[in-house]
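**Q** can't give you the sequence, but here's the structure:
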């Protein structure tokens with residue numbers, strides 16, 4: 001007998017290196033939960049706010065220092081949490097975010113020796129914590145193949161993503177996050193994600 005899932009205000013985050021499938025799996029998870037009759041809000045970072053739009057422009061500019069990126073991400077996230085995520089949780093919705101604070105902690109701290117994990121945490125301290133964080137782990141060689149217009153021979157890209165992946169794995173172990181291998185076929189990965197979320201909603 002299948003146990004019915006209960007509507008609860010739960011904040012879920014899917015995160016991982018570029019090309020890990022967080023966007024695809026966030027959408028699939030939303031569809032699955034809605035098929036159970038649950039109210040779900042799907043969101044993402046960077047957001048579509050004016051800060052998020054500015055951030056997208058700055059991320060393409062290599063002259064912008066990583067510290068500026070980190071501060072913009074923190075500002076975008078603070079607005080995101082208080083103007084959207086918290087409101088939806090207060091309404092009793094399940095909120096799924098495609099990326100959140102771990103992306104900043106990982107990417108910004110790896111991109112500059114001037115940026116520490118603790119500093120990124122500090123500038124993000126007013127953004128609420130997720131109830132469930134799922135890290136989608138994938139080999140950078142596979143993730144780069146999923147990206148368009150990226151040259152796989154660029155050593156710096158591969159080297160950077162390897163450092164990013166290592167830190168994601170280490171933080172998942174330290175913080176008790178769920179770590180899922182997203183090298184697997186998409187249906188199996190999604191099944192593993194749904195199992196984690198369903199256990200919380202039963």
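**A** All right, it came through fine. None of these values were measured; they are calculated from a predicted model.
**Q** continuing past the strand or helix carrying residue 179, what's the next helix or strand?
**A** In this structure, residue 179 sits in strand 178-181 according to DSSP states H and E. Using DSSP H and E, the helix or strand that directly follows strand 178-181 along the chain is helix 186-201.
**Q** in that following helix, what counts as buried?
**A** 189-190, 192-193, 197, 201 (16 or more other Cβ atoms under 10 Å). The way it works is simple: take the backbone N, C-alpha and C, and place the C-beta from them, glycine included.
**Q** and that helix, what does it pack onto?
**A** Counting contacts by 3 or more Cβ pairs under 8 Å, 6 or more residues apart in numbering; DSSP states H and E, helix 186-201 packs against helix 22-35, strand 132-137, strand 178-181.
**Q** follow-up on the earlier one: partners of the strand holding residue 179, with directions?
**A** According to DSSP bridges, strand 178-181 forms sheet pairs with strand 132-137 (parallel).
**Q** pLDDT score for residue 2?
**A** pLDDT recorded at residue 2 is 65.
**Q** so who does the spatially most central residue of the chain touch?
**A** Against the mean C-alpha coordinate of the chain, by Cα atoms, centre = their mean, the closest residue is residue 99 at 2.0 Å. Counting by Cβ atoms under 8 Å, 6 or more residues apart in numbering, residue 99 makes contact with 13-15, 22, 44-45.
**Q** how much space between it and residue 185?
**A** According to Cβ to Cβ, to the nearest Å, residue 99 and residue 185 sit 23 Å apart.
**Q** show me what the lowest-mean-pLDDT helix or strand in the chain is packed up against.
**A** Every helix and strand in the chain was compared by mean pLDDT, DSSP states H and E; the lowest is helix 140-146, with a mean of 79. Helix 140-146 makes packing contacts with helix 155-175 when contacts are defined by 3+ Cβ pairs under 8 Å, 6+ apart.
**Q** which residues are in contact with the helix it packs on?
**A** Residues from elsewhere that reach helix 155-175 (Cβ under 8 Å, 6+ apart): 15-18, 102, 105-107, 109-111, 133, 135, 137-141, 143-144, 150-152, 177-179.
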